[in-house]
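Asker: Attaching a predicted model along with its sequence, questions to come.
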Amino acid sequence: MPDSPVARAPIEVAGLGKSFGEVVALSDVGLLVEPGSLTALLGPNGAGKTTLVRILATLTRPDTGTARVLGFDVTRQQQQVRRNIAVTGQFAGLDEALTGTDNMLLIGRLAGLGHRQARLRAAELVALFGLADAAGRPVRTYSGGMRRRLDVAASMMTRPAVLILDEPTTGLDPASRDLLWAVLGDLRAAGTTMLLTTQYLEEADRFADMVHVLSHGRLIATGTPAQLKSQAGRGFAEITLASADAAAAAAAARLLERQLSLPPAAVRSAEAGRITVTADDGVGTVLAAGAALRAAHIEIADLGIRQPTLDEAFLALTGTREAAR
Ligand SMILES: Nc1ncnc2c1ncn2[C@@H]1O[C@H](COP(=O)(O)OP(=O)(O)O)[C@@H](O)[C@H]1O
Ligand SMILES: [Mg+2]
């Protein structure tokens, strides 16, 4: 592989593979993170997210492939990588006996900040993260949400060009999550490149510029949230029958299955006379469903099409992959 002198993207990953014994944690993963973007690495537990983060953080060596941060190779230029990134997450440690402020000062000093500079930055960050009242207390007295916020705050002591966050919002209460997202939004506005992992699809949907979906160590989809949603499923026809009778809805669902030659899983009847049909050809399915029901003299109260949620897109993507294994 040629040694590229110019970084095309703050994070470049190609052909990355990592196994732990029999377990393939990552297999042939490639991705680019654009400058100043907020990129989400999405995947269920065990998908390989932390392994990728640890490789980028120079904490784990890949078996195959390359990863570069700001052009620096994570295996051959570890020092340069470490100087230019901040990493926070599941594996980060805080000193329980030290106060919040002292933890931040320690990290600032390790990163080469002057004492005065570190104090100013720490004060700024504890205020930003709503920790001003707690900053003078030992970390062992902190709640889970406060620890998480301190962990993220501490990683920002040096205003890194690239910030990598491993499940920053997992286990946070809603107020802390909102606060954290507000801070991440400010950082993005200031031009910080961020790669974060999450299991929360709605977060990726709302905040990420780009999403990479990992499943069983493989990258199964890449795109903007909108692209992923349209890639994963064309949408759903939603039919509300005039009758709210559950048995009538079930009968109508079976009729649609037969008449539209749909696979069984494509039609779901729900309570109160509502039927959802996977509409792979978009409006065509909606029109066909409407026509079939009318021909059978089943009265329709409402008929429409809706786009899949990112949740449904994710299920469709990971489900397809699992079926293919
Ligand atoms: N140090 C390790 N030793 C053995 N197996 C590991 C190790 N780290 C991760 N794994 C395995 O690799 C897979 C991916 O793990 P991980 O990267 O932590 O996933 P995620 O962060 O998406 O939950 C899992 O099956 C996990 O059990
Ligand atoms: Mg993880």
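Answerer: Nice, thanks for sending it over. Ligands and ions are numbered 1, 2, ... in the order given.

Asker: Going by C-alpha atoms from here, please, whenever you check contacts or count neighbours.
Answerer: Will do.

Asker: check contacts around residue 27.
Answerer: 15-18, 217-218 (C-alpha atoms under 8 Å, 6 or more residues apart in numbering).

Asker: cutoff 7 Å now
Answerer: For residue 27, the contacting residues are 16-18, 217-218, by C-alpha atoms under 7 Å, 6 or more residues apart in numbering.

Asker: out of these, which touch ligand 1?
Answerer: Among the contacts of residue 27, no residue sits close to ligand 1 (C-alpha under 6 Å from any ligand atom).

Asker: Nearest to ligand 1 among the residues you listed?
Answerer: residue 217 (6.7 Å; C-alpha to the nearest ligand atom).

Asker: Can you report how many residues lie near that closest one?
Answerer: For residue 217, the count of nearby residues is 25 (other C-alpha atoms under 10 Å).

Asker: so what's the backbone phi/psi at it?
Answerer: phi 80, psi 0 (degrees, to the nearest 10).

Asker: hang on, isn't it packed against residue 25?
Answerer: Yes. Residue 217 is in contact with residue 25 according to C-alpha atoms under 7 Å; the separation is 4.9 Å.

Asker: Overlap in contacts, these two.
Answerer: residue 48.

Asker: Any stretches of the stretch 1-150 of the chain with poor pLDDT?
Answerer: Counting by pLDDT under 70, the stretch 1-150 of the chain contains low-confidence residues at 1-7, 90-92.

Asker: Tell me the residues of this structure that contact ligand 1?
Answerer: 20, 23, 25, 43-51.

Asker: By neighbour count, which of the residues you listed wins?
Answerer: residue 49 (26 neighbours).

Asker: dump the residue contacts of it.
Answerer: 41, 197.

Asker: Out of the residues of the chain next to ligand 1, which sit inside strands?
Answerer: 20, 23, 25 (DSSP state E).

Asker: For residue 27, see how far away the first one is.
Answerer: With distances defined as C-alpha to C-alpha, to the nearest Å, the gap from residue 20 to residue 27 amounts to 12 Å.

Asker: still on that earlier bit, columns secondary structure on top of the contacts of residue 27, output as CSV?
Answerer: Shown next, in CSV, are the contacts of residue 27 (DSSP: H, G, I helix; E, B strand; the rest coil):
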residue, secondary structure
16, strand
17, strand
18, strand
217, coil
218, strand
